[in-house]
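K.L.:
this one's structure only:
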């Protein structure tokens, strides 16, 4: 894989936008911008609950790439069409988020920036497992 200046600048810009979005969500909603927690809050809406910020945040995750696609070509990302693999992946992500007390965005972006010991431990675990899967499992699937 070869990186060029454009890729590096796009990654840097995207990271800055994620950081700003997380900071603004904390500032205005008073909550950590963990996607699993936000999605869970929206899914179990109770009468009288203030959830508009959470809904808008999730909507932004869906709409922002569409707006980006109007001005730039979308990256070519390969995703399996296997319903079994997609379902298994979704269940594992949900199980991991629930077991870890949050998701990669909550722990990795917001928790690390607050030097949360729990988030540091969670991020070390999920990054280690992701690296192991990339090194050992991916070649078994793709050859």
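P.N.:
That came through fine. Since this is a predicted model, take the numbers as computed values, not measurements. Residues are numbered from 1 along each chain as shown.
K.L.:
quick one: the helices in the protein?
P.N.:
Taking DSSP state H as the test, the helices found in the chain are 5-29, 35-43, 52-71, 83-99, 104, 112-113, 117-132, 138-142.
K.L.:
How much space separates residue 24 from residue 133?
P.N.:
32 Å (Cβ to Cβ, to the nearest Å). Heads up, the C-betas are built off the backbone N, CA and C, glycines and all.
K.L.:
tell me the pLDDT at residue 114?
P.N.:
The predicted structure scores residue 114 at 87 on the pLDDT scale.
K.L.:
For the residue most central in space within the chain, give me its contacts.
P.N.:
Nearest residue to the geometric centre of the chain (Cα atoms, centre = their mean): residue 105, 4.7 Å. Each residue near residue 105 by Cβ atoms under 8 Å, 6 or more residues apart in numbering is listed here: 18, 22, 33, 34, 35, 36.
K.L.:
quick one: which of those is nearest to residue 68?
P.N.:
Proximity of these to residue 68 (Cβ to Cβ) peaks at residue 18, which lies at 13.4 Å.
K.L.:
quick one: the nearest residue to the closest one once chain neighbours are set aside and residue 135, what's the gap?
P.N.:
Distances taken as Cβ to Cβ, 6 or more residues apart in numbering put residue 109 closest to residue 18, at 6.1 Å, once the chain neighbours are dropped. Distance from residue 109 to residue 135, counting by Cβ to Cβ: 24 Å.
K.L.:
Who has more neighbours out of the two?
P.N.:
residue 109 (22 against 9; other Cβ atoms under 10 Å).
K.L.:
Residue 82 versus the more buried one, what's the distance?
P.N.:
Counting by Cβ to Cβ - residue 109 and residue 82 are separated by 30 Å.
K.L.:
Could you do residue 132 as well?
P.N.:
The value you get for residue 132 to residue 82, if Cβ to Cβ is used, is 22 Å.
K.L.:
Cool, thanks, talk later.
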